[in-house]
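Novice: need coordinates for the below:
(2 chains)
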Amino acid sequence: MKRRFYPYPRATPYLFLMPFLVVFLVFLIYPLIHSVVLAFEQTFGPEFKTFVFLDNFIHLFKDPLFYIALKNTAIYATASITLQLPLSLGLALLMNRPDVRGRAFFRLIFFSPSLVGAVFVGVMFAIIFQKRTGLLNVILHELIGFNLDFPWLQVYVMPALILAALWMWTGFNMIYFLAALQNVDRDLMDAARIDGAGPIGRFRYVILPAIRPIAGFVVLLSLIGSFQLFELPYLLLNSSAGPDNKGLTIVMYLYQTGFQTGDLGYASAIGWALAIILVVLATIQRRLSRSEEI
Amino acid sequence: MICILAVLSSLYLLLRPERETEGREMWTFVQTRAPMYRDIVEEWGLTGEDRMRIELVEHGALGRRILSGFMAGTPLADILEVERSIAAPTWRGPIEAVGFVDLKDRLREEGLLEKINRPSFSPWTNRGHIFGLPADVHPVLLCYRADVFEAAGIDVSQLDTWEKFFEATRGLVQDFSGDGQPDQYVLELQETLGEPITVLLLQAGGKLFNEREEAVLNSERNIEILARLADWASGEDRVTGDLDLFSGAGHRLRSEGFVLAWMVPDWRAYHMSLYLGGLEGKLKLMPLPAWEEGGRRTSCWGGTMLGFPKEKENFEKNWEFAKRLYLSRELAVRSWKETGVLTPVKEFWDDPVFSEPNSFYSGQATGRLFIGQAENVPIRSSSPYRNLAIQELGNAYNSLVREARRDGLEDRESLEAAARKVLNEAQTNILRQMERNQFIEATGTLPES
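Specialist: Below is the predicted model of the structure:
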């Protein structure tokens, strides 16, 4: 057999890959493996550890705080998908119309909230929802005599969070849909129009099937992002989970357990539970997308 | 372009001046104290190994660094100035795993247990060991709008119980705008924060943990006090207003007279002078009204210590430095003047600086007022679950107030029944966390179902 000629040493590609591999192994694979071990232990530093086998997971299943965090996160994720994405798609459809004047300007305006970051949004909405001095209460009081002392961030924590997220992410997701809409086959749209399809018909039978792959991707991204919710409630609720833990999310609970209490074993168990939930949801989402494609 | 940026940034990293590493290092989270320490230490002219660099580290970051240092051996400073909420999680493990040096024998041998105000040691005393040198006392007084009360003909300073206080001042709760909601309340009390509730609970003799560090959130005294606090915050006779503790919005409402009195430990009294400039000469301080005739007129809010990581060499040198700094009259005086914090070193309490009139508080000698209550501050727990307990207490109070408002609970019995229910829940929640701990035995008693 004729030997292939290599103009460089055979190890060269691996050498180029090495920096990435080293970082990947040290900062991702090793911590990942170590977190599996930690999830079966109760530790206080490297010298003091007890193997507790499934105790952390058993406790997790009995822990009401975990269920509160799970419920809050699920509500937020559901709202993200059912409110945010249709709004994003609606905005994208509007911004895709050639007859809308100043489209570029409006695209920038709608997209800009996502540029400022969750920290800014958290702080800003905390001020807006303040009792007595907050913008919302002041305006409502002036308009309809609404109670100035109404505590939005005590009573409606999750709606406040969803509203803040809506303001921040709707424009961001609009960009994905806009990119997808610009790839919809013009000929197909014209053909549908000639065949007598109205706006709803064109949307249902032409646009939607064309943007389905991107829509699936955005749903998945929103789902993962929602389950990783942390900074927004943390800042909106002044570094706490809010009254009755109404703003507690899974990642916030993980942070509190691991980095404020120092219970790394239990925090690892929470982290793995979150990973499993995400894998299950992502799989379901993929299956649903595929079945629709078929 | 990327290559140029890479080269430039690499050059910057190579050529930038190296960070000073000579001598030892101390970390503090208190913005106002760091420059003060630097000034004092600079004057000492320490060089070489004796030199001490004072680094300011953000509160949350300091907590994470300390936990990482103790649990994973990441680098720590030689001396750590830490606050209670940071220190508490470090005693969650077995006693031999606590990362701070036990100072108990040394404090006893050197007579510091007598020299320093005794209650100041309590937050740093865990399972019979003392892990820190206290920085403060933090007695709590009542700060009130003297101008408003005097105009109403009320001599608040003579009202020595909460009952008398509210009886005399209740008429000042007023709805100026006529929208049905009061625009002026008598006392500030946050409805979502556990810390101010804990301050009042401690004053009343309530506790979150007993002497054996067992959780006692649902004790009879706690139930009684929480019910009374909910009574203050609900019904037609409501006297407490809820506003932000630290934000600009909170300060604005205080300035505008939304509340007429609020609790101030020494550090907060100083903050008021920084943020409420418009109220200069209109405020006064007085001991807290007691819960019963002859009862305690103060409480405690906050706490900071100097701790020494076990892993560090040169403990003797660090200890000598800490004593020189913390036990100096110069720091006692500057700390009072520049941060408003009263030293726990009793022999300095006779310093004239504490008798100086404070123009912000209507010329009162505020130092004397705080010193007058310093030895009466309550003993506090050092439980590693203290942060969680305070959070649970805040949640319990919030639920209770909402229930009282929603269901119109006004009589003592129904308020206490509701308080018992929410505190039982809080106790169950905290025990659930405590019972998991394989390293500490002390827990508490589950409420009867």
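Novice: secondary structure element holding the residue of the stretch 251-400 of chain B found nearest chain A?
Specialist: For the stretch 251-400 of chain B and chain A, the shortest gap (CB to the nearest CB) falls at B:N398, measuring 4.3 Å. C-beta coordinates here come from the backbone N, C-alpha and C atoms, glycine included. In the assignment (DSSP states H and E), B:N398 maps to helix B:386-407.
Novice: thinking again about what came up before, surely the residue of the stretch 251-400 of chain B closest to chain A touches B:T192?
Specialist: Yes - under the criterion of CB atoms under 8 Å, B:N398 makes contact with B:T192 at 5.2 Å.
Novice: those two: who's more crowded?
Specialist: Taking other CB atoms under 10 Å in any protein chain shown, B:N398 and B:T192 do not tie; B:N398 has more neighbours (25 against 21).
Novice: what's the burial count for the residue nearest to that one when sequence neighbours are not counted?
Specialist: Of all residues beyond its chain neighbours, the one nearest B:N398 is A:P243 (4.3 Å), with distances taken as CB to CB, 6 or more residues apart in numbering or on different chains. A:P243 has 23 neighbours, counted by other CB under 10 Å.
Novice: in stretch B:203-210, what counts as buried?
Specialist: For stretch B:203-210, the neighbour count (16 or more other CB atoms under 10 Å in any protein chain shown) marks B:Q203, B:A204, B:G206, B:K207, B:L208, B:F209 as buried.
Novice: again with stretch B:111-118
Specialist: B:L112, B:I116, B:N117.
Novice: among the residues you listed, which are in helices?
Specialist: Residues of those located in helices (DSSP state H): B:L112.
Novice: need the buried residues of stretch B:111-118 in a markdown table (columns: pLDDT and distance to chain A).
Specialist: Shown next, in a markdown table, are the buried residues of stretch B:111-118 (pLDDT from 0 to 100; distance: CB to the nearest CB, whole Å):
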| residue | pLDDT | distance to chain A |
| --- | --- | --- |
| B:L112 | 95 | 29 |
| B:I116 | 96 | 28 |
| B:N117 | 95 | 29 |
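Novice: any chance of the buried residues of stretch B:111-118 in JSON lines, plus distance to B:P265?
Specialist: Listed next are the buried residues of stretch B:111-118 as JSON lines, based on distance: CB to CB, whole Å:
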{"residue": "B:L112", "distance to B:P265": "23"}
{"residue": "B:I116", "distance to B:P265": "18"}
{"residue": "B:N117", "distance to B:P265": "14"}
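Novice: ok, the residue nearest the centre of chain A - contacts?
Specialist: For chain A, the residue nearest the mean C-alpha position is A:G225 (1.6 Å; CA atoms, centre = their mean). For A:G225, the contacting residues are A:S80, A:W169, by CB atoms under 8 Å, 6 or more residues apart in numbering or on different chains.
Novice: what helix or strand is it on?
Specialist: Using DSSP H and E, A:G225 sits within helix A:208-227.
Novice: in that helix, what counts as buried?
Specialist: Neighbour-count burial for helix A:208-227, counted by 16+ other CB under 10 Å, picks out A:210-211, A:214-216, A:218-220, A:222-223, A:225-227.
Novice: residue of chain B closest to chain A, please.
Specialist: Going by CB to the nearest CB, chain A is nearest to B:G93 of chain B, at 2.8 Å.
Novice: related to what we said a few turns ago, gap between the residue nearest to the centre of chain A and chain B?
Specialist: Between A:G225 and chain B the computed distance is 24 Å (CB to the nearest CB, to the nearest Å).
Novice: okay, the residue of the stretch 251-400 of chain B closest to chain A and B:Q190: tell me how far apart.
Specialist: Taking CB to CB, to the nearest Å as the measure, B:N398 and B:Q190 are separated by 9 Å.
Novice: where does the residue minimising distance to the centre of chain B land on pLDDT?
Specialist: The geometric centre of chain B, computed from its C-alpha atoms, lies nearest to B:G302 (CA atoms, centre = their mean), at 1.3 Å. On pLDDT, B:G302 comes in at 93.
Novice: all strands for chain B, in order.
Specialist: In chain B, the segments counted as strands under DSSP state E are B:24-28, B:52-56, B:79-83, B:125-126, B:129-130, B:133-134, B:140-145, B:185-188, B:240-241, B:259-265, B:283-287, B:304-307.
Novice: need those strands in a markdown table (columns: distance to A:A282).
Specialist: Shown next, in a markdown table, are the strands of chain B (distance: least, CB to CB, whole Å):
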| stretch | distance to A:A282 |
| --- | --- |
| strand B:24-28 | 42 |
| strand B:52-56 | 43 |
| strand B:79-83 | 41 |
| strand B:125-126 | 45 |
| strand B:129-130 | 49 |
| strand B:133-134 | 52 |
| strand B:140-145 | 52 |
| strand B:185-188 | 48 |
| strand B:240-241 | 48 |
| strand B:259-265 | 50 |
| strand B:283-287 | 58 |
| strand B:304-307 | 45 |
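Novice: closest one to A:A104 among the ones you listed?
Specialist: A:A104 sits nearest to strand B:52-56 of all the strands of chain B, at 45.4 Å, using CB to CB.
Novice: and the closest one, which residues are buried?
Specialist: For strand B:52-56, a neighbour-count test (16+ other CB under 10 Å) marks B:M52, B:R53, B:I54, B:L56 as buried.
Novice: over to stretch B:63-82?
Specialist: Neighbour-count burial for stretch B:63-82 flags B:63-67, B:69-71, B:76-82 (criterion: 16+ other CB under 10 Å).
Novice: the residues you listed: which ones sit near chain A?
Specialist: Filtering the buried residues of stretch B:63-82 for neighbours of chain A using CB under 8 Å from any CB of the partner chain leaves B:G63, B:R64, B:L67, B:F70, B:M71.
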